[in-house]
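A.B. asks: pasting a predicted model and its sequence here:
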Amino acid sequence: MFAIYKKELKQYFHSMIGFVFLAFFIAIIGIYTWANNFYGKVGNFETTLSSSTFLFVLLIPILTMRVLAEEKHQKTDQLLYTAPISIGRVIIGKYLALITLFGIGVLFVGLYPLLLRHYGPDSVQLAPAYSALIGFFLLGAAYIAIGTFVSSLTESQPIAAVVSFLVLLMSVLVSSIAGALPSDKLSQAAILSVVWIIVAAVAYYMMHNITVAVILAVLGEAAIWIIYAVKSSLYEGLVADILNCAALSSKFDDFTLGVLKYDVIVYYVSVAFLFVFLTIQSIRKKRYN
Amino acid sequence: MIEVKNLVKQYGNHAAVDDLSFTVDTGKVVGFLGPNGAGKSTTMNMITGYIAPTSGTVLIDGVDMEEEPEQVRKNIGYLPENPPLYPDMRVREYLYFVAELKKVPRKERDVMVNEIMNRTKIVDVSERLIRHLSKGYKQRVGVAGAMMGYPEILILDEPTVGLDPNQIIQMRELIRDLSESHTILLSSHIMQEISAVCDEIIIINEGKMIACDTPDNLTMHMASNGLHLVIKGDVPVIKGALRTVSGIKNVVYDEQMEEGTLGLTLYSIDKKDLREDVFFALAEAGCPILEMHRQETTLEEAFIALTKGGSRQFGGKKTAKKQPKPETTADAETAEEMQTVESANAEADTQPEVQPEQSQEETMPETEASENIQNDSSEKEEE
């Protein structure tokens, strides 16, 4: 695992991606800090971080696109997956290397509040600034896990980058989409039933078994509409609630208010774990294809 | 020791590897031979655990690959078809990474990396970026990576592909050198390489094993007992003279010949030596023999006969239907002749190494083979 970790970190700095990522990361947050804190004369570093979260949507895909796609493309995965080390350790080593690279950037940004404090010792609150930074790091870690997972699905770096970009963009936009959807019970049920049909179609596509897919679709649809008939109150704002679960970045707002919320920390860490786990499973599954 | 039992790899409805079983004993060098798409790489990927078999087991020293993958992989060094190299690493750096990945203790790494670089002759490029290396060097770096940690078993997938003749010789020497201390399974479609270094050859086609034997046995049993002659004289006279010779099983006439001469290949029953009889018979008839030589079957011909020419015989019902007869006659002459020889051999019952597939065939192709000969403006004579 440590071998993979070291090799990955080295490669990030061999291939410039590491430097490019760090440069953009530090520069863009620097620009925000300048615009918000220095030029705007505000002491709250947490608001600066909050407005920089969009940065992830652009930078994380560039960071994670090569992590597994490139190994597959170069067929170097044959070395890794035939070495006396489990697939899980390979993935975790790679993920930790990504986190380390990202962490270097976050550490650097961590100097900014101190710098601000130098100019306005009274107006800069370090506690909310650093709790926001912790949230910022965890949000990034969750996004990196998602990017890693997407990278494991393809052997093309551009596809990995574009798909990760879209997925991250969705996770940012999803709370606004949730707000724009109709909120009455019938349309909630209708949306769910359409989504379920799509799920069944995907299941058919993956399993090539029409009977299972049809049974799945019929059972699901029946459940949705029976529940609607029996207890329609369950559907109150359901779709919006579900969508908001996927809204990673909107959860960051709590940190902006200076609150270190444990449930959000647990949420981010779980998302990271979930996607690292899914990545391992996706690579394992490839052995059987 | 590698034991492969009833290995199957199914891609959709297509079986890339179809019920393959074989054993590679410790210390042996076994060549894995087959045309492109025969399932060589798929099998090797399964042996090394890169992909999982649909069914069947791979046992390395008695341990199942699917059950104890990490323990088993320690004993295997794998060079895939494309060496798994990182183009942005330097050679030494890459080898250190592989050493660490294969859990070579820190203290031994320096010595091992240097030793392996010496053996694979890549010391002079050790500080170069892999990206800038020639194909030959890349291949050697790949072999060095496979050797790292000195695993007991080496699996080399087409180690000489894309190398120039000098490099091929060097690679062959390296493999021979390695074979002293390793069990090696090596795939190739280059015959010299296989016959030069392997103790045993496994020929597969369409995911199935066709033959498994030592190179000598393979060529010997395949060996044609054909005697090629170029004779000057009138055709009817020559034919008449040859009819007096006993022990000729069949005759295949050359398609192209010099004017006033007749070229033909004689096949004898039970590998009987016909040379003297033929000489005297033709001398009596006054037809000078311009050329006479025995046909040696090379491993190439055996391979072609067993896989390509033999696809009609070995490929099962589907391919038998798909491949019309004219196509086979249009095929390489050797393949065509080999079939004749095979049927001749089969009749003489001198093919102990044939695999199950072939034994089914023995009853079938006899008539077809003779038809082929007649199609080919030849005639069959029996005594």
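C.D. replies: Thanks, I have it.
A.B. asks: tell me the centre residue of chain A?
C.D. replies: residue A:143 (2.3 Å; CA atoms, centre = their mean).
A.B. asks: so who does it touch?
C.D. replies: With contacts defined as CB atoms under 8 Å, 6 or more residues apart in numbering or on different chains, residue A:143 is in contact with A:56, A:60, A:168, A:171, A:248. Where you see a C-beta, it was placed from the backbone N, CA and C, and this is true even at glycine.
A.B. asks: for residue B:154, same thing?
C.D. replies: Neighbours of residue B:154 in contact, by CB under 8 Å, 6+ apart: B:76, B:77, B:78, B:79, B:146, B:147, B:178, B:182, B:183, B:184, B:185, B:186.
A.B. asks: what is the nearest of those to chain A?
C.D. replies: residue B:78 (4.9 Å; CB to the nearest CB).
A.B. asks: what about the closest residue to that closest one other than its chain neighbours, how many neighbours?
C.D. replies: Distance criterion CB to CB, 6 or more residues apart in numbering or on different chains; nearest residue to residue B:78, sequence neighbours excluded, is residue B:48 at 4.4 Å. Neighbourhood size, residue B:48 [other CB atoms under 10 Å in any protein chain shown]: 27.
A.B. asks: near chain A, which residues of chain B show up?
C.D. replies: B:11, B:45, B:48-52, B:69-71, B:73-74, B:76, B:78, B:80, B:82, B:84-89, B:93, B:97-98, B:100-103, B:145 (CB under 8 Å from any CB of the partner chain).
A.B. asks: in helices, which of the contacts of residue B:154 appear?
C.D. replies: B:146, B:147, B:178 (DSSP state H).
A.B. asks: tell me the contacts of the second one?
C.D. replies: Think residue B:147. Taking CB under 8 Å, 6+ apart as the test, what residue B:147 contacts is B:77, B:116, B:119, B:120, B:154, B:178.
A.B. asks: buried among the residues you listed? Need that as a selection in ChimeraX.
C.D. replies: Buried residues among the contacts of residue B:147 (16 or more other CB atoms under 10 Å in any protein chain shown), as a ChimeraX selection:
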select /B:77,116,119,120,154,178
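A.B. asks: nearest to residue A:279 among the contacts of residue A:143?
C.D. replies: Relative to residue A:279, the closest of the contacts of residue A:143 is residue A:60; by CB to CB it sits at 14.5 Å.
A.B. asks: the closest one in helix, strand or coil?
C.D. replies: helix (DSSP: H, G, I helix; E, B strand; the rest coil).
A.B. asks: please list all residues in contact with it.
C.D. replies: A:140, A:143, A:144, A:146, A:147, A:164, A:168.
A.B. asks: still on that earlier bit, in helices only, show me the contacts of residue A:143.
C.D. replies: Per DSSP H, the subset of these in helices is A:56, A:60, A:168, A:171.
A.B. asks: excluding chain neighbours, give the residue nearest to the last one in space.
C.D. replies: Closest residue in space to residue A:171, ignoring its immediate chain neighbours: residue A:248 at 4.8 Å, by CB to CB, 6+ apart.
A.B. asks: and which of the ones in helices among the contacts of residue A:143 is nearest chain B?
C.D. replies: For these, the nearest to chain B is residue A:60 (21.8 Å; CB to the nearest CB).
A.B. asks: which SS class is the residue in the stretch 51-200 of chain A that chain B sits nearest to?
C.D. replies: In the stretch 51-200 of chain A, the residue that lies nearest chain B is residue A:79 (3.7 Å; CB to the nearest CB). Recorded secondary structure, residue A:79: helix (three-state DSSP).
A.B. asks: ok, the residue nearest to residue A:171 - how many residues close by?
C.D. replies: Residue A:248 has 23 nearby residues by other CB under 10 Å.
A.B. asks: per-residue confidence for it?
C.D. replies: pLDDT, residue A:248: 81.
A.B. asks: what sits against it?
C.D. replies: A:139, A:142, A:143, A:171, A:172, A:268, A:271.
A.B. asks: phi first, then psi, for the third one.
C.D. replies: According to degrees, to the nearest 10, the main-chain angles of residue A:143 amount to phi -60, psi -40.
A.B. asks: what pLDDT is listed against it?
C.D. replies: The model's pLDDT for residue A:143 equals 94.
A.B. asks: distance of it from residue A:264?
C.D. replies: 14 Å (CB to CB, to the nearest Å).
A.B. asks: what residues does chain A put near chain B?
C.D. replies: A:2-4, A:6-7, A:10-11, A:14-15, A:74-86, A:287-289.
A.B. asks: which ones among the residues you listed lie within helices?
C.D. replies: A:2-4, A:6-7, A:10-11, A:14, A:74, A:77-81.
A.B. asks: of those residues, closest to residue B:261?
C.D. replies: residue A:78 (56.8 Å).
A.B. asks: name all residues that make contact with that closest one.
C.D. replies: B:45, B:48, B:50, B:78, B:80, B:84.
A.B. asks: kindly report the same for residue B:98.
C.D. replies: Counted by CB under 8 Å, 6+ apart, residue B:98 has contacts A:79, A:83, B:145, B:148.
A.B. asks: and stretch A:112-131, what's buried?
C.D. replies: Residues of stretch A:112-131 classed as buried: A:112, A:113, A:116, A:117, A:124, A:125, A:128, A:129, A:130, A:131 (neighbour count, 16+ other CB under 10 Å).
A.B. asks: no wait, stretch B:25-32
C.D. replies: Of all the residues in stretch B:25-32, those buried under the rule 16+ other CB under 10 Å are B:28, B:29, B:30, B:31, B:32.
A.B. asks: can you put those in a markdown table and add pLDDT and secondary structure?
C.D. replies: As requested, these are exported to a markdown table (pLDDT from 0 to 100; DSSP: H, G, I helix; E, B strand; the rest coil):
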| residue | pLDDT | secondary structure |
| --- | --- | --- |
| B:28 | 88 | coil |
| B:29 | 90 | strand |
| B:30 | 91 | strand |
| B:31 | 89 | strand |
| B:32 | 86 | strand |
